[in-house]
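S.K.: Sequence and predicted structure, then a few things I'm wondering about:
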Amino acid sequence: MTDTHQNLMKKSSELPNYYNMAEEAIRANNINQAIEIFNNGLEQAKLEENGEWVEKFNSLQDKLEGNHLSPSLIKEDITVIKGIGATAATHLSQRGITTIKQLALMTVEEVTKVRGSSDANAEKIIKRAK
């Protein structure tokens, strides 16, 4: 990745640039770069709690998968969800929950059991994952 790409990725208000660069990398068949840009853009959108851009990046993931990429190539760090730290991520992983989509499909009771948190916090985590 070039210095220009890295500098763009550091700016939180540059979500459209992440998206456009990832699309450009897909068109150029530079899949590794597309995945890296995709992951960084999606993470930033989630950190900003920008649901519109999260949805756009999810549609971009569909394009990546449409290029016959294994979904396992697209790294998901569920700790980008506020309320999920390293310990909770480990517990979730041990239960087979390794993607944000899987976390979004969990029930409040399941999240509460894994995290040992209140129902209100579990609801917030599930909502953020969606």
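M.R.: Yep, it's here.
S.K.: wait, isn't Lys63 in contact with Glu24?
M.R.: No. The pair Lys63 / Glu24 is not scored as a contact, 11.9 Å apart, by CB atoms under 8 Å. From N, CA and C alone the C-beta is placed, and that goes for glycine too.
S.K.: ok, Thr79 - contacts?
M.R.: Gly85, Ala86, Ala88, Ala89 (CB atoms under 8 Å, 6 or more residues apart in numbering).
S.K.: What would stretch 115-126 look like as CSV? C-alpha coordinates only.
M.R.: Extracted C-alpha coordinates of stretch 115-126, given in CSV (Å, rounded to 0.1, in the frame of the first residue of the first chain):
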residue,chain,number,x,y,z
ARG,A,115,-20.2,-11.4,28.4
GLY,A,116,-21.7,-11.6,31.8
SER,A,117,-23.3,-8.2,31.2
SER,A,118,-26.8,-6.7,31.7
ASP,A,119,-29.6,-7.2,29.1
ALA,A,120,-29.4,-3.5,28.3
ASN,A,121,-25.7,-3.8,27.4
ALA,A,122,-26.3,-6.9,25.4
GLU,A,123,-29.0,-5.2,23.4
LYS,A,124,-26.6,-2.3,22.6
ILE,A,125,-23.9,-4.7,21.4
ILE,A,126,-26.4,-6.5,19.2
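S.K.: Show me the shaky parts of the chain.
M.R.: Counting by pLDDT under 70, the chain contains low-confidence ranges at 1-13, 65-75.
S.K.: mind redoing it with 50?
M.R.: For the chain, the stretches with pLDDT under 50 are 8-9, 11-12, 68-74.
S.K.: Tell me where it has helices.
M.R.: 3-10, 15-27, 31-47, 51-66, 86-94, 100-104, 108-115, 119-129 (DSSP state H).
S.K.: Any chance of TSV for those helices, columns mean neighbour count?
M.R.: As requested, those are arranged in TSV below (neighbours: other CB atoms under 10 Å):
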stretch	mean neighbour count
helix 3-10	12
helix 15-27	18
helix 31-47	20
helix 51-66	15
helix 86-94	14
helix 100-104	18
helix 108-115	17
helix 119-129	17
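S.K.: pretty sure Asn50 is touching Leu15, no?
M.R.: Yes. Using CB under 8 Å, Asn50 is in contact with Leu15, at 6.6 Å.
S.K.: Great, nothing more from me.
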